[in-house]
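Trainee: The sequence isn't on hand, but the structure is:
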């Protein structure tokens, strides 16, 4: 999927180490400690201790190491967005890392651990070039899935990548275990304290005055080497010839109010106070949000004067006010009274510059719920085109339910389905139905209730309950018919899909074939067209209408080819996979086993990205037949074992379960066994914890709950565990582990 160039300005500035300020004090003793080659380096201290300044200076002096930088803020507290920035940053500094991981990231509803991070790890393991990923301000991250995915990355980290985290608090990672193993390097507040000599240098540089030893010692003693205090002391020396009495940040507000603010030029003070609600500052943004001119020059003056405004890029386009000063500014009456107006104007600026996500965030912070709701409902395409389903859902979840209308609730249900949040699908559809009134409009539906019912059948009903899906979709068709739209293609397509899941293939093919013939008459997206093609192809396969199926696949295959070229295979996976798997089945039926196997292997890779159990099981069943036809019975058995593993852990349609059972009977089911009694790759602690629970009856979801892990995290560790044990199923893993004496 092609990235929108309009998103680059903010994206690039968050992936750039802030430039080192002129006159910044060298801290060689700390920079040497940052050079230690440990898996994880933590720089943990409260605000104002110089964490970012230290790291930016260290990055500027690095030689031969590819250092990727991500400046985090509250908007990055979501797995896809977090890893989008991290992966893009790594790609930006390295020719050893391709777009594969980044492309796979938004395509999988199983999260970054399913495909994106393994792809990254494989590429890093294949190079000898050292890389570092710096995550600044990690304390803003609270999403458990982000923490778990970072822990996963650390568990399998190759020697060619190090992680450096700057945070105000310890991240929820296995720090004690890493500390014992020598995998953790830590710099804390005591380490970051400026020495007497460093303090004297800093105060002299910022104050533009050569302070005497007595003054330097007094300032150092009162500030206890605290970077922010020293900076303030230097400003006071520059202005009055005497330093402030500071020991911590309790006196900051008074000092800023009494000493710093009065010394500012009127334009400087106005900009700082009124722009305090904004996280990032630029000249054009501030001009628009504050209703003034010349903000770029004022920002440059503030940064040049070391007045707690720092540049975030080397072109001096974007800036950030130091958080200590910003916190103080937000307490002023002027900033508070103007906050909502500034945030609304900023939202309008972000919208005009193609940053819809930031526009919505500013509207939410301004308390403008109605405009935030309207923008989300009207701009769903902007998010979906970028694969930002989870971001869209997270923004919608920030709205109180009373502010969400039916149309947006429907869109949020769709986004929840794309992100694998099945529980949230039902929640949003319930809300959509509760909000129905005489003025409700659901796009493409005459009867709003019919649209919601159809979505319940398509998205809100497990594939293992096709009869319920049929009932809901039939009711939707009846309501649309009563509303005068008997030929509604979306209603017909939904019912056709439900018939297919219920193995009523003839009925499903009749409805879906009619929709396919008339597809050019509807305002359907390529995504919708390919969904109908995939569902129709499965119905035609189910009833053996081969000539019609071949004609369909010729047309749909060409659309799928173009879609993969335009979007990339990973982004297109959720709409092309079923077409690809049925194509492979027809190739097998024609007797071309080599080509069929190639198509199925690729189809399974796409199915893994969609995380749809039905597609995975079908692909493995079809692959088993190909392997048997080629005389590879062991490979066929392995494919069936994997299919059974999926079917036993996830809800799949009854007809899929039947096809699997028939294949097991036809081919014969054998357990794949580890070929050796030696474990060549050590298991991680997480893998061992999961392995010890596999002999019981707990499901993967229950195992995750017991270990305080998400279901996607358990799946990711299981995949690695099975690979190390050389097995394909849970039962085989238990047998192999017992044979090896692990459990």
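Mentor: Here it is on my side, so go on. What you see is a predicted model, and the numbers here were worked out from it, not measured in a lab. Numbering: from 1, shown residues only.
Trainee: Of all residues in this structure, which one is nearest the centre?
Mentor: Centroid-nearest residue in the chain, with Cα atoms, centre = their mean: residue 80, separated by 0.8 Å.
Trainee: Could you confirm that one falls within a helix?
Mentor: Yes - according to DSSP: H, G, I helix; E, B strand; the rest coil, residue 80 belongs to a helix.
Trainee: all numbers from here: first residue = 34
Mentor: Taking 34 as the first residue, the last one we looked at is residue 113.
Trainee: just the helices in the stretch 484-633 of the chain please.
Mentor: 499-515, 522-534, 538-550, 559-576, 579-600, 602-622, 626-643 (DSSP state H, counting those that start in this stretch).
Trainee: Could you do the stretch 334-483 of the chain as well?
Mentor: So, for the stretch 334-483 of the chain - with DSSP H, counting those that start in this stretch - the helices run 356-362, 366-385, 389-398, 402-411, 413-418, 422-430, 439-451, 455-467, 481-491.
Trainee: Mean pLDDT lowest where, among those helices?
Mentor: Here the helices of the stretch 334-483 of the chain differ in mean pLDDT, and the lowest is helix 356-362 at a mean of 78.
Trainee: Mind giving me the packing neighbours of that helix?
Mentor: helix 285-288, helix 299-307 (3 or more Cβ pairs under 8 Å, 6 or more residues apart in numbering; DSSP states H and E). (C-beta placed from N, C-alpha, C; glycine too.)
Trainee: and the last one, how far out from the chain's middle?
Mentor: Going back to what we said before, that points to helix 299-307. Helix 299-307 has its average C-alpha position 36 Å from the chain's average C-alpha position, going by Cα atoms, centre = their mean, to the nearest Å.
Trainee: for the stretch 34-183 of the chain, which spans come out with low pLDDT?
Mentor: Applying pLDDT under 70 to the stretch 34-183 of the chain flags residues 34-44, 55-56.
Trainee: for it, what spans make up the strands?
Mentor: For the stretch 34-183 of the chain, applying DSSP state E, counting those that start in this stretch gives strands covering 73-77, 99-104, 164-169.
Trainee: I'd like those as JSON lines, with mean neighbour count and distance to residue 359 appended.
Mentor: As requested, those are exported to JSON lines (neighbours: other Cβ atoms under 10 Å; distance: least, Cβ to Cβ, whole Å):
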{"stretch": "strand 73-77", "mean neighbour count": "23", "distance to residue 359": "21"}
{"stretch": "strand 99-104", "mean neighbour count": "23", "distance to residue 359": "15"}
{"stretch": "strand 164-169", "mean neighbour count": "23", "distance to residue 359": "16"}
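Trainee: closest to residue 201 out of those?
Mentor: strand 73-77 (7.2 Å; Cβ to Cβ).
Trainee: how much does the closest one deviate in direction from strand 164-169?
Mentor: 20 degrees (axes from the mean of the first three to the mean of the last three Cα atoms, to 10 degrees).
Trainee: For strand 73-77, which outside residues touch it?
Mentor: Outside strand 73-77, the residues within contact range by Cβ atoms under 8 Å, 6 or more residues apart in numbering are 67, 84, 87-88, 187, 195-204, 206, 208, 211, 216-222, 225.
Trainee: Of these, grab the buried ones for ChimeraX.
Mentor: Selection of buried members from these for ChimeraX, criterion 16 or more other Cβ atoms under 10 Å:
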select :67,84,87,88,187,195,196,197,198,199,200,201,204,206,208,211,217,218,219,220,222,225
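Trainee: So which of the contacts of strand 73-77 sit within strands?
Mentor: 195, 196, 197, 198, 199, 200, 217, 218, 219, 220, 221 (DSSP state E).
Trainee: Next up, the contacts around the third one.
Mentor: Under the criterion of Cβ under 8 Å, 6+ apart, the contact list for residue 197 reads 67, 73, 74, 76, 88, 165, 166, 167, 168.
Trainee: show me what contacts residue 575?
Mentor: So residue 575 contacts 533, 536, 538, 688 (Cβ under 8 Å, 6+ apart).
Trainee: Please apply the same query to residue 146.
Mentor: Taking Cβ under 8 Å, 6+ apart as the test, what residue 146 contacts is 181, 182, 185, 745, 746, 748, 749.
Trainee: Kindly give the local confidence score, pLDDT, for the residue nearest to it when sequence neighbours are not counted.
Mentor: Of all residues not flanking residue 146 in the chain, residue 749 sits nearest, at 3.4 Å (Cβ to Cβ, 6 or more residues apart in numbering). Residue 749 is assigned 88 on the pLDDT scale.
Trainee: I'd say residue 749 and residue 148 touch.
Mentor: No - Residue 749 is beyond contact range of residue 148, at 9.4 Å (criterion: Cβ atoms under 8 Å).
Trainee: Ok, which of the strands of the stretch 34-183 of the chain comes nearest residue 754?
Mentor: The stretch from the strands of the stretch 34-183 of the chain with the least distance to residue 754 (Cβ to Cβ) is strand 73-77; that distance is 22.6 Å.
Trainee: So what are the sheet partners of the closest one and their directions?
Mentor: strand 194-200 (parallel), strand 217-221 (parallel) (DSSP bridges).
Trainee: could you give me the average pLDDT of the longest one?
Mentor: Just to be clear, that refers to strand 194-200. Computed over strand 194-200, the average pLDDT equals 96.
Trainee: the inter-axis angle of that strand versus strand 99-104?
Mentor: 30 degrees.
Trainee: just the last one next, same as before
Mentor: For strand 217-221 and strand 99-104, the angle between their directions (the same axes, to 10 degrees) works out to 50 degrees.
Trainee: For strand 217-221, give me every contacting residue.
Mentor: 63, 66-67, 69, 71-78, 87, 208, 211-212.
Trainee: What's the local residue count around residue 240?
Mentor: Residues near residue 240, counting by other Cβ atoms under 10 Å, number 22.
Trainee: per-residue confidence for it?
Mentor: Reading off the model, residue 240 has pLDDT 73.
Trainee: In this structure residue 427 contacts residue 111, no?
Mentor: Yes - assessed by Cβ under 8 Å, residue 427 is found in contact with residue 111 at 5.0 Å.
Trainee: Mind listing the shared neighbours of these two?
Mentor: Common neighbours of residue 427 and residue 111 (Cβ under 8 Å, 6+ apart) do not exist.
Trainee: dump the residue contacts of residue 140.
Mentor: Residue 140 neighbours (Cβ under 8 Å, 6+ apart): 148, 420, 603, 604, 605, 606, 607, 642, 643.
Trainee: Fine, thanks again, bye for now.
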